[in-house]
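Colleague: Sequence and computational prediction follow.
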Amino acid sequence: MPDDTVVAVWNLITFKEQGGTFGDSCPDRNVTVYFRSGAPPVIDPFHTSFPKDTIVPGSFAVTLTWTLPNRTTGVFNITSPLPGDWFLAAHLPKDEGKISVKGLYEECQYLFQPQLIVQRLIGIPVLYPGYLIDQMIPVHNKSALYKVYIPNYSSRVKVQLKDCRISNRTMESCPVFLKIRAKAPPLHNSTYIDCKDRMSCELETKLPFWEQWYYILVDRYIGNVNFYFRIQVQVKDCSKPSIARSSSPNSALNMPQSFGSPMGLSLTDSLPAAGLPPMMQNTSERSTPFVNEETGAHLPSSSDVDTCWPIRPTLRNELDTFSVHFYIFFGPNISIPPNRAAVFAINLMPVLDSGGVLNLELKLNVSSVMGENVTVFGCLTHGTPLTLADNSTVSCESEFSAGFVMSVNTTSNITRLRIPYPQTGTWYLSLHSLCTTDHGFDVCSNVTAEVYLRSYLTPCINDCGTYGQCKLLRTNNYLYAACECKAGWDGWGCTDNSVAYSYGFQLLSTLLLCLSNLMFVPPVAIAIRSHCLLEASVYIFTMFFSTFYHACDQPGVVVFCIMEYDVLQFCDFLGSLMSVWVTVISMARLQSIIKQVLYLLGAMVLSMALQLDRHGLWNLLGPSIFALGIMAIAWTVRTIRRRRCYPPTWKRWVFYLFPGTMIATSAVALYAFVETEENYFYIHSIWHMLIAGSVGFLLPPRAKHDNTVPPFQRRRGCGYQLCVNEHEEMGLVDPAIVSINSICAS
């Protein structure tokens, strides 16, 4: 958001897409959009609880409803937005948690496209502290807007308005509203004063934001005439005894060389923009500020804003993404005298640090207070340092900002503070010690408290705890971190257990998913009894890896992994697909050499397919259709050659093939259309049992051999035995002439 913006208009457009075309058939799901300045919005659409000692920064939101079948548009206006980075976050309502097979149907996609249009004021006059200048509001204007730059280490700002007149007639009062606001033009609720009963109007602000523009609005009552007045801004350095600040504009005020004017003018070139006469410069003070290069910055104290306390910088040590430690020079143990505050500055880099969590830990050394009832208060603020307002009350706010209070004492000697997605820039922590009395808090007498201070940046809160995993996410080249919770836990730190799974439930789900694979034991026994040793080995492989994959895939604490998760998943998927492949090929009753070649080719092709896309629909559908095609061709050839249906017996169809097919079809239907995240543990267990049961029905029976053939001439193998009359093939049909020998081929 650029500086000097008076109106920002967001045009929020949402599209529906399905399969590369307009998603007219997609359901209308409201889109909620969150806005925040300076850092990503901290959203909680499910109203979960945050971890203890966590600060939730505020944001505002708008919900978009659908007005057209495949698109909707919303407009959101902001008057006088804060400059700098703005972040938008959009989300859909919580889905049903259905687990869909990839590629089974085209999923609905909702595309969010925000557009920003801003209206800026050009050529806003710049006021300079210590100068009293003449100004006029023309007849066709109702107000006049000015801005002044507030440098570092400023303790207060005063705006003076005097000598109001219309044309050449001096007025007894100034019929205007005088408003002031930091960073952006004033709003209706900004700090103001009504000057209609005052001949000389003054508006004072204590503890302003440092290194920011302050905007001053003069809004008059009287119209249709030219309104004249004189205006002056005075900025006080916290070390100076008087309110007026004198300096050369560039050096002593610590102001930037350019104010970002349309022509990029320097400070001295832009002085006439506000009609600044050089002779009006206030030269009452020429004292040197009490800020030197060795000691650094200073902070106004709580009792007197004109008294300075030194600000100690911190050393930034980057360890990893969103993993930064801020070390204190001569720390981390800090001595806090009874009569002054200890102030520290923590600098967060723009964009790079806003996607993590700012953590502060404060611990009181109880032995250092020598038995006194001492309480150490900390005030964490952004943009400007603040301390307690006085010695009897605990406050951490000013006219323009509010901070976060921390406290430790002899009873509770440790406290923590966490801020997810903190605003970038400089944060200030002010520590002050007070003693508890019968009348509240008072200054301690000759007691120096010692505290341990630790400040650092982490990706997630407490690394998401036991039931979560911290993940780095990227959206439109912006990197941020968030927790992915499991086992029903929820919240920003995976600490909300309102719908969490109990230990017994986790154990039950793990046992169901693992022990349901024992249904492969009967198919293994049937395959061994039918001399289908290759098929039996595939079923054993599937049973083993499916059991231990699901033992490792559990979301809670009941987890057991015998090897890496990815290896277990690959072997489980490969075993499942190979089980389908070898079962259908075995039903085709092919010759042994052809069957073994197909088994080997299937294993290699399925391994390649799983490596390309492990969750694709065609990984299961493709091999199944191809194997069924081979089986159908083999059965059709036998039916034509024998001139009767194959398999020949109705019992085989009624008691084996039909039940096995129905069980397998039911398993696929449950897997594809019924399985959700909530019912996964028992629906998937039923899937295991149904698939294993269907294999037991569909496996071909053991071959029956002719007793006249010697045992060593019998061919061992799996499948139906196709007996061909040798003499029939040679055209000899008279059984009385030659004997009939049966040659069995698998």
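Modeller: Thanks, I have it. Numbers count the residues shown, from 1 in each chain.

Colleague: What residues does residue 173 make contact with?
Modeller: 164, 195, 196, 197, 198, 199 (CB atoms under 8 Å, 6 or more residues apart in numbering). C-beta: built from backbone N, CA, C; applies to glycine.

Colleague: Could you tell me which of the residues you listed count as buried?
Modeller: Neighbour-count burial (16 or more other CB atoms under 10 Å) applied to those gives 164, 195, 198.

Colleague: Go ahead and confirm the last one touches residue 176.
Modeller: No. Contact between residue 198 and residue 176 fails when scored by CB atoms under 8 Å: they sit 9.9 Å apart.

Colleague: circling back: need the worst-confidence member of the buried ones among the contacts of residue 173.
Modeller: Minimum pLDDT across the buried ones among the contacts of residue 173 is recorded for residue 198, with 75.

Colleague: ok, and that one, which helix or strand is that part of?
Modeller: Assigned by DSSP states H and E, residue 198 falls within no helix or strand.

Colleague: what sits against it?
Modeller: 173, 174.

Colleague: For it, give me phi and psi.
Modeller: Torsion angles at residue 198 (phi, psi; degrees, to the nearest 10) stand at phi -130, psi 130.

Colleague: State the number of residues packed around the residue nearest to residue 28 when sequence neighbours are not counted.
Modeller: The shortest distance from residue 28 to any non-neighbouring residue, by CB to CB, 6 or more residues apart in numbering, is to residue 66 (4.2 Å). By the criterion of other CB atoms under 10 Å, residue 66 has 16 neighbours.

Colleague: A helix includes residue 133, no?
Modeller: No. Counting by DSSP: H, G, I helix; E, B strand; the rest coil, residue 133 is located in no helix; its state is strand.

Colleague: so it makes contact with residue 229?
Modeller: No. Residue 133 lies out of contact with residue 229 (CB under 8 Å); the separation is 9.8 Å.

Colleague: Who has more neighbours out of those two?
Modeller: Neighbour count, other CB under 10 Å: between residue 133 and residue 229, residue 229 has more, with 23 against 19.

Colleague: what's the burial count for residue 98?
Modeller: Residue 98 has 11 neighbouring residues, counting by other CB under 10 Å.

Colleague: Let me see the contact set for the closest residue to it other than its chain neighbours.
Modeller: Among residues not flanking residue 98 along the chain, residue 676 sits closest, at 5.0 Å (CB to CB, 6+ apart). Counting by CB under 8 Å, 6+ apart, residue 676 makes contact with 96, 97, 98, 99, 683.

Colleague: likewise residue 443?
Modeller: Here residue 443 is in contact with 338, 339, 391, 434, 435 (CB under 8 Å, 6+ apart).

Colleague: now, among these, which is nearest to residue 22?
Modeller: Relative to residue 22, the closest of those is residue 434; by CB to CB it sits at 65.5 Å.

Colleague: part of a strand, is the closest one?
Modeller: Yes. Under three-state DSSP, residue 434 falls within a strand.

Colleague: That one: how many residues sit nearby?
Modeller: 23.

Colleague: for the protein, which spans come out with low pLDDT?
Modeller: 103-104, 239-309, 387-394, 703-746 (pLDDT under 70).

Colleague: what is the most centrally placed residue in it paired to in the beta sheet?
Modeller: For the chain, residue 482 is the residue whose C-alpha lies nearest the centre (CA atoms, centre = their mean; 4.1 Å). Beta-bridge pairing of residue 482 under DSSP bridges involves residue 471.

Colleague: For it, which residues are in contact?
Modeller: 460, 470, 471, 473.

Colleague: From residue 322, how far out is the last one?
Modeller: Counting by CB to CB, to the nearest Å, the separation of residue 473 from residue 322 is 11 Å.

Colleague: neighbour-wise, which of the contacts of residue 443 leads?
Modeller: Ranking the contacts of residue 443 using other CB under 10 Å puts residue 434 first, with 23 neighbours.

Colleague: Surely that residue touches residue 377?
Modeller: Yes. Proximity of residue 434 to residue 377 meets the contact threshold set by CB under 8 Å, at 6.7 Å.

Colleague: before we move on, what SS does residue 12 have?
Modeller: Under three-state DSSP, residue 12 comes out as strand.

Colleague: ah, wrong one, I meant residue 504
Modeller: Going by three-state DSSP: residue 504 is helix.

Colleague: To what extent is it buried, counted in neighbours?
Modeller: 9.

Colleague: Offset the numbering so it begins at 260, please.
Modeller: Right, with 260 as the first residue, what we last looked at is residue 763.

Colleague: roughly how far apart are it and residue 769?
Modeller: Taken as CB to CB, the span from residue 763 to residue 769 is 11 Å.

Colleague: rewinding a little: of residue 732 and residue 581, who's got more company?
Modeller: residue 581 (21 against 11).

Colleague: next one: the strand or helix carrying residue 492 to chain centre, how far?
Modeller: Assignment of secondary structure by DSSP H and E places residue 492 within strand 486-496. Mean-position distance between strand 486-496 and its chain equals 46 Å (CA atoms, centre = their mean, to the nearest Å).

Colleague: What about residue 821, how many residues nearby?
Modeller: Residue 821, neighbours per other CB under 10 Å, totals 13.

Colleague: May I have the phi/psi pair for it?
Modeller: According to degrees, to the nearest 10, residue 821 has phi -90, psi -20.

Colleague: Now that it has come up, it's in contact with residue 808, right?
Modeller: No. At 9.7 Å, residue 821 does not count as touching residue 808 under the criterion of CB under 8 Å.

Colleague: Residues that sit against both of these two, list them.
Modeller: residue 827.

Colleague: quick one, helices of the stretch 560-709 of the chain?
Modeller: In the stretch 560-709 of the chain, no helices are found when defined by DSSP state H, counting those that start in this stretch.

Colleague: The stretch 660-809 of the chain: strands as residue ranges?
Modeller: 663-668, 673-679, 684-696, 699-701, 708-717, 727-734, 737-744 (DSSP state E, counting those that start in this stretch).

Colleague: other SSEs contacting the fourth one?
Modeller: What it means is strand 699-701. Strand 699-701 sits against strand 684-696, with contacts defined as 3 or more CB pairs under 8 Å, 6 or more residues apart in numbering; DSSP states H and E.

Colleague: Mind giving me the packing neighbours of the strand it packs on?
Modeller: Using 3+ CB pairs under 8 Å, 6+ apart, strand 684-696 sits against strand 592-595, strand 601-607, strand 616-623, strand 633-641, strand 699-701, strand 708-717.

Colleague: Redo the strands of the stretch 660-809 of the chain as TSV? Include distance to residue 301.
Modeller: Below are the strands of the stretch 660-809 of the chain laid out as TSV (distance: least, CB to CB, whole Å):
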stretch	distance to residue 301
strand 663-668	14
strand 673-679	5
strand 684-696	16
strand 699-701	32
strand 708-717	15
strand 727-734	14
strand 737-744	10
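
Colleague: so who does residue 686 touch?
Modeller: Applying CB under 8 Å, 6+ apart, the residues near residue 686 are 604, 605, 606, 607, 617, 639, 640, 641.

Colleague: Check which helices and strands the helix or strand encompassing residue 373 sits against.
Modeller: For residue 373, the host element (DSSP H and E) is strand 367-379. Judged by 3+ CB pairs under 8 Å, 6+ apart, the packing partners of strand 367-379 are strand 264-277, strand 290-296, strand 345-350.

Colleague: between the ones you listed, which one is nearest to residue 921?
Modeller: Nearest to residue 921, of the helices and strands packed on strand 367-379 and by CB to CB, is strand 264-277 at 32.6 Å.

Colleague: Kind regards, and thank you for your time.
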